[in-house]
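Engineer: one predicted model, sequence on top.
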2 protein chains.
Amino acid sequence: MSPTSSATARRSYGTTPRINGQRMMDTIHTTCEAWGQAHRYGDHHTETGMARLALDDNDGCVRRWLAEEVVALGCTVAVDQVGNMFAVRPGKVNTDASGAKVAPTYIGSHLDTQATGGRYDGILGVLAGLEVLRTIHEQKIETQGPIGLVNWTNEEGARFPLITMASGVWAGVTPLETAWNTKESPTAAAIYGNSDCPATVKSELKRIGFLGDTPATYTATPMAAHFELHIEQGPILESEQRKIGVVEGAQGYAWYEVTVRGKDAHAGTTPLHTRKDALLAAARMIVAANGVAHEESASTAEANGVVTTGVISALPGTPNTIPHTAQFTLDIRHPRPLRRAAMVDACRSEFAAIADKTGVAVEWKCLSDNETAIFHPDCIAAVQAAAEEEVGTVTTRDGATQTGWRRIWSGAGHDSCNVSKHYPAGMIFTVTRDGLSHTPVEYCSPEDCIVGAQVLLGAVLRFDAKREL
Amino acid sequence: MSPTSSATARRSYGTTPRINGQRMMDTIHTTCEAWGQAHRYGDHHTETGMARLALDDNDGCVRRWLAEEVVALGCTVAVDQVGNMFAVRPGKVNTDASGAKVAPTYIGSHLDTQATGGRYDGILGVLAGLEVLRTIHEQKIETQGPIGLVNWTNEEGARFPLITMASGVWAGVTPLETAWNTKESPTAAAIYGNSDCPATVKSELKRIGFLGDTPATYTATPMAAHFELHIEQGPILESEQRKIGVVEGAQGYAWYEVTVRGKDAHAGTTPLHTRKDALLAAARMIVAANGVAHEESASTAEANGVVTTGVISALPGTPNTIPHTAQFTLDIRHPRPLRRAAMVDACRSEFAAIADKTGVAVEWKCLSDNETAIFHPDCIAAVQAAAEEEVGTVTTRDGATQTGWRRIWSGAGHDSCNVSKHYPAGMIFTVTRDGLSHTPVEYCSPEDCIVGAQVLLGAVLRFDAKREL
């Protein structure tokens, strides 16, 4: 069953059929404008961001629309217990000798967004997948095996705070009950008027009609492979004037909550040398953690290693009291697990020194630890071949020629990381303006979206062509 | 009418009568334990802090109790439009030649506390004042003019965020409507179950029955002088092994809200050199502001000058997004106005350099600017003479003798600062264990409380004795 174990059944591969790029872009914008557009930033009708939070009414509408679209293309649609939607279009061979179903080659991503999100993160991946299915259907392309499309539930974790939630359940990383019982955040509850009684994932799945009965497991819904087209969410492709990132994997990351405990005292009457200022110590730690990242990043040519503090608070939280407690998050990432561990150690040691010098105590709590995902060589090869076909050579602004693609690591986690624990997975990155995502102005040009979708089709057809069925 | 313009009517002054120290300490502890005790930190019944927030049920109860106590001592009680309570006990002369009331010599402080406050800040001042009235009454001391006791409303600004609120209204610094319309903070609203509809100062004054009809102005309630006994809230007296601080004034302070604007971006995909991290820049600014304070403090023998950040937040506030905005407070203090201005300038210049280097923008907003208060020479003289009488000479732990009092500056603002804008004011400081206040473990020993109250009585009687009525 391994797609590379023999070449006897392989179909020869010519050139990739052309998708309908205009249709795909229209689909992206009309569905964004119908369901969840928010945060206008310009005059053009496409110049808004998105607030299509997982399992809200807009998410329900776009899901029902997607199901209708893929059924019209000859797909069956299954919904699992956490709302993941699996559309499957039959190929030439759909059952094996024993009569068992052949696992489809899937395309997947997510249709939910951040509360202040854009039109591309996740949405591009699913709707490029739809365009691939439309192209296959319209041009009567006969694939070896079935081709599928997944819409993963609650990838963002913006409303229900569990990132890549439903692919995690499917992959056996997160228990089903944990996902079902996850409550919407207080901010989200306020948005939906649920402050008194925050909704849960299960209550919202039921409410919008997407509490399916397919078991949410990778064994119940097996995959030959999973390809995901996604905006890079970083500045590398743009700055190097390349079009496509052939993704090798996603760097691991850990989230910590650091608590600094000092002593509250009056801001006006307490001399500097007698203070145990928890927030001042925390500020020194945040600066030191950034120093650790810079040192790591400077140590290799790839400049890997980042540390970020996104959340901070101080108690008791009045202007004239020296805080007794400060709390902040650390998001620490590196593609190489040992280097990530070394960065955590360096932060621990720097923080301990600051605590020692300033008379405060420091505690670490790990909120989340996600190992590095390494994508499958067959998927990477299929993506790279498709990228070479589409953007093998490009001309830069100063007239030089170079390859239009590069190997790249994902800085962010994706549903594909969960898939890669069990089945071959691969990703394709497109250019992201200014490297910005998770913001309304997140942008990938129509040309870049279309090139990405074309590479997606090329990768899927190449992978399918090599299957022995 | 000036208390120093002539000596003809002055009463000779002998030795100060003795207060009942045990009764005062019992009163402090029984009233704390009945109304607002919180945050137990030890086994003894006195080892708790306080959470008697302005105008809550506990504040209402202690106010009604105080009114009953002072009426039993022959006082009248007036309540003004912001709930300030003015108790007045007649002296020998209560009206002048024209029949107008003679202004009393007041003792004043506040009965409200921080949410995590102690049993001494404010409470000692009012209940020492009560003990002074009890002593005068019990020992049938005939004062020249009337002696008064003030309980100022919402000195702490802990529930309703306006510090020394009601003395500010009385002094004409804060408009009545501003105080009335001040809403309780979100934290306080949550404590009292008012999150949906936060209470205002006016609604709470009405609810607890302390919306009085005396105009809240210094002209409607004039004062011959105002004496306030207060814990030092700093470590100076303790470290020098002295008993009493003769307060010369209170250092000025300004509160700023600093907003840092960067760019939100993904924590995993955004290389360090392309980030505009608002929170990282804010952390650098907090560290730099502390550096400014250290430099100022090191420049003179008095080691004056402090900067504190008590409040901080970052948006959008998720662990994996680089914050686009960070906001923090700066509390900047110095007894000398020009040096305070120089510290503000130094911070502005350091912050601008950090913003410039890190690609963020920085905005300053002044929340509050309080000039240095200078107390009246007659009040200072009365306090100093009383201190000399009580603790003229003390023996240190290593057997040396020294004066038991020293001149001192207040690091904190007090209601007395507002009084000093219109009438003679003076303050007496007592030893504060470890310099800590605004915390449950705030502590002043019974011996030190009693010495303080004795100096208070001595100062008031001395001031009164010099009045020409």
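Structural biologist: Yep, that arrived. None of the values given here were measured: they were computed from a predicted structure. Numbers count the residues shown, from 1 in each chain, chains lettered A, B, ... in the order given.

Engineer: where does chain A have low pLDDT?
Structural biologist: A:1-12 (pLDDT under 70).

Engineer: could you chop it up by domain?
Structural biologist: A:21-250+A:372-465, A:252-370 (automatic domain parsing).

Engineer: just how off-centre is the longest one within its chain?
Structural biologist: When you say that, I think you mean domain A:21-250+A:372-465. Computed by CA atoms, centre = their mean, to the nearest Å, the chain-centroid distance of domain A:21-250+A:372-465 equals 8 Å.

Engineer: give me the distance between the two termini of that domain.
Structural biologist: Using CA to CA, to the nearest Å, one end of domain A:21-250+A:372-465 lies 23 Å from the other.

Engineer: surely A:Leu53 meets A:Pro161?
Structural biologist: No. Under the criterion of CB atoms under 8 Å, A:Leu53 makes no contact with A:Pro161, lying 11.6 Å away. For the C-beta atoms, the positions are set from N, CA and C on the backbone; glycine is no exception.

Engineer: out of these two, which sits in the busier spot?
Structural biologist: The neighbour comparison of A:Leu53 against A:Pro161 (other CB atoms under 10 Å in any protein chain shown) goes to A:Leu53, with 26 against 16.

Engineer: excluding covalently adjacent residues, which one is nearest to that one?
Structural biologist: Leaving aside its chain neighbours, A:Leu53 sits nearest to A:Arg159 (4.0 Å; criterion: CB to CB, 6 or more residues apart in numbering or on different chains).

Engineer: now the one you found: which helix or strand?
Structural biologist: Using DSSP states H and E, A:Arg159 falls within no helix or strand.

Engineer: does it touch A:Arg52 like I think?
Structural biologist: No. The pair formed by A:Arg159 and A:Arg52 falls short of the contact definition of CB under 8 Å, at 9.8 Å.

Engineer: shared neighbours of those two, anything?
Structural biologist: Residues touching both A:Arg159 and A:Arg52 by CB atoms under 8 Å, 6 or more residues apart in numbering or on different chains: A:Asp112.

Engineer: what's near enough to touch the residue positioned nearest the centre of chain A?
Structural biologist: The residue lying closest to the centre of chain A (CA atoms, centre = their mean) is A:His414, at 3.2 Å. Contact partners of A:His414, counting by CB under 8 Å, 6+ apart, are A:Ser109, A:Glu155, A:Thr164, A:Glu228, A:His230, A:Ala250, A:Met427.

Engineer: now the third one: how far from chain B?
Structural biologist: When you say that, I think you mean A:Thr164. 12 Å (CB to the nearest CB, to the nearest Å).

Engineer: for the stretch 101-250 of chain A, which segments count as strands?
Structural biologist: A:105-109, A:147-151, A:225-231, A:244-250 (DSSP state E, counting those that start in this stretch).

Engineer: what angle do the third one and strand A:105-109 make?
Structural biologist: Angle of strand A:225-231 versus strand A:105-109, following axes from the mean of the first three to the mean of the last three CA atoms, to 10 degrees, is 30 degrees.

Engineer: so A:Pro446 sits against A:Arg23, correct?
Structural biologist: No. Contact criterion CB under 8 Å: A:Pro446 and A:Arg23 do not qualify, at 11.5 Å.

Engineer: where do the helices sit along the stretch 101-250 of chain A?
Structural biologist: For the stretch 101-250 of chain A, the helices defined by DSSP state H, counting those that start in this stretch occupy A:123-138, A:165-170, A:176-181, A:186-191, A:201-208, A:236-240.
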